[in-house]
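>>> Below are the sequence and a predicted model; questions follow.
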Amino acid sequence: MLNTQEHIDLIAMFEREFTGHRYDKEPKAMWPKGFIYQDGQLNDLFLAYRKGYAFGRAVYLSGTVAA
């Protein structure tokens, strides 16, 4: 999902929802290692956000309800 339009859209949605932060990003070469933002707490928050998005998408695509 990295470097796709879906990932870019997810970053934009995250930044709209979590305002008031500096969104200094790491170089894209660091993204596969889980380093998106230079601020460690913001990065951890985004990774949790991305995992929640991925889980919701997987549930939706499978057509099942998560327990």
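Perfect, thanks for sending it.
>>> Centre of the chain to the helix ranked longest in the chain, how far?
For the chain, the longest helix by residue count, based on DSSP state H, is helix 40-62. Here the centre of helix 40-62 is set off from its chain's centre by 6 Å, with Cα atoms, centre = their mean, to the nearest Å.
>>> which helices and strands does that helix pack with?
Helices and strands touching helix 40-62, by 3 or more Cβ pairs under 8 Å, 6 or more residues apart in numbering; DSSP states H and E, are helix 5-17. Backbone N, C-alpha and C define where each C-beta goes, glycine included.
>>> Show me which positions of the longest helix of the chain end up buried.
42-43, 46, 49-50, 53 (16 or more other Cβ atoms under 10 Å).
>>> relative to helix 5-17, how tilted is that helix?
130 degrees (axes from the mean of the first three to the mean of the last three Cα atoms, to 10 degrees).
>>> Mean confidence (pLDDT) on helix 40-62, please.
Helix 40-62 shows a mean pLDDT of 95.
>>> Which residues outside that helix are in contact with it?
1, 10-11, 14, 18, 21-23, 34-37, 65-66 (Cβ atoms under 8 Å, 6 or more residues apart in numbering).
>>> switch to 7 Å and redo it
10, 14, 18, 21, 34-37, 66 (Cβ atoms under 7 Å, 6 or more residues apart in numbering).
>>> Restricted to buried residues, select these in ChimeraX.
Buried members of those, defined by 16+ other Cβ under 10 Å, are picked up in ChimeraX with:
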select :10,14,36,37
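>>> hmm, which two among the contacts of helix 40-62 are most spread apart?
Using Cβ to Cβ, the contacts of helix 40-62 span at most 29.4 Å, a distance reached by 21 and 66.
>>> Model confidence for residue 67, exactly?
Reported pLDDT for residue 67: 60.
>>> State the distance from the spatially most central residue of the chain to residue 37.
The C-alpha lying nearest the average C-alpha coordinate of the chain belongs to residue 50 (Cα atoms, centre = their mean; 3.4 Å). In this view, residue 50 and residue 37 are 12 Å apart by Cβ to Cβ, to the nearest Å.
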